[in-house]
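Participant: can't give you the sequence, but here's the structure:
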């Protein structure tokens, strides 16, 4: 066990060396009590050196870090035309031209106009009577026949070409059908305008 107040070392070959103070040669030297402060001193010294070196560098380079106002580029004038923002394009809403129903078929050219009236109810002869109403005011003779179904509720006036919309509206008007019943479709290719009479149609026989 090491004695209090004396440094302790593990046994080694220095234990066999004579401790005579006059001995010259390899021997164990007692550690100084100030040796523990050596690393701290070295660290503080390094910090001081680096700090002084930084101050010296900044002081020497101060002239190079100063920005001369005369060297600052100044942008003047207007932006080039190609860089200018383009004016927003205003898209005008498309104006849908209102189609006026043909109320007087004698004022238009009805040559080549084909009409078909289909009876979609169980009431017999209703399609033929509807054709009579149309012919009476000048519409060409239409084909009257039964539809594939006899339980159609909503009447339809169908046309396929845009040019026939006014004619379809006029026919619907003459048969006392709403404009909502007029539809554009290719479901009836047998005629330019096809009327399908449903339960909402008021038959002339009942009036």
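Facilitator: Yep, it's here. Note that the coordinates shown come from a computational prediction; the quantities given were computed from them, not determined experimentally. Numbering: from 1, shown residues only.

Participant: Do a quick rundown of the helices in this protein.
Facilitator: 38-65, 126-136, 165-174 (DSSP state H).

Participant: May I see these arranged in a markdown table, with mean neighbour count and distance to residue 184 as well?
Facilitator: For the C-beta atoms, the positions are set from N, CA and C on the backbone; glycine is no exception. Formatted as a markdown table, those follow (neighbours: other CB atoms under 10 Å; distance: least, CB to CB, whole Å):
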| stretch | mean neighbour count | distance to residue 184 |
| --- | --- | --- |
| helix 38-65 | 10 | 79 |
| helix 126-136 | 17 | 20 |
| helix 165-174 | 22 | 7 |
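
Participant: Kindly present the ones you listed as CSV, with separate columns for mean pLDDT and distance to residue 90.
Facilitator: Output for the helices of the chain, formatted as CSV (pLDDT from 0 to 100; distance: least, CB to CB, whole Å):
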stretch, mean pLDDT, distance to residue 90
helix 38-65, 77, 53
helix 126-136, 95, 46
helix 165-174, 96, 30
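
Participant: Contacts only, for the spatially closest residue to residue 118 that is not a sequence neighbour.
Facilitator: The shortest distance from residue 118 to any residue other than its chain neighbours is 4.0 Å, reached at residue 147 (CB to CB, 6 or more residues apart in numbering). Applying CB atoms under 8 Å, 6 or more residues apart in numbering to residue 147 gives the contacts 118, 119, 120, 196, 197.

Participant: 7 Å instead, please
Facilitator: Going by CB atoms under 7 Å, 6 or more residues apart in numbering, residue 147 touches 118, 119, 120, 196.

Participant: With respect to residue 109, which of the helices of the chain lies nearest?
Facilitator: helix 165-174 (10.8 Å; CB to CB).

Participant: angle of that closest one against helix 126-136?
Facilitator: Using axes from the mean of the first three to the mean of the last three CA atoms, to 10 degrees, the inter-axis angle of helix 165-174 relative to helix 126-136 is 110 degrees.

Participant: what does helix 165-174 contact?
Facilitator: 99-103, 105, 113, 133-134, 137, 139, 157, 159, 179, 181-182, 184, 193, 195.

Participant: Which of those fall within strands?
Facilitator: 157, 159, 182, 184, 193, 195 (DSSP state E).

Participant: Out of the helices and strands in this protein, which is least certain?
Facilitator: helix 38-65 (a mean of 77; mean pLDDT, DSSP states H and E).
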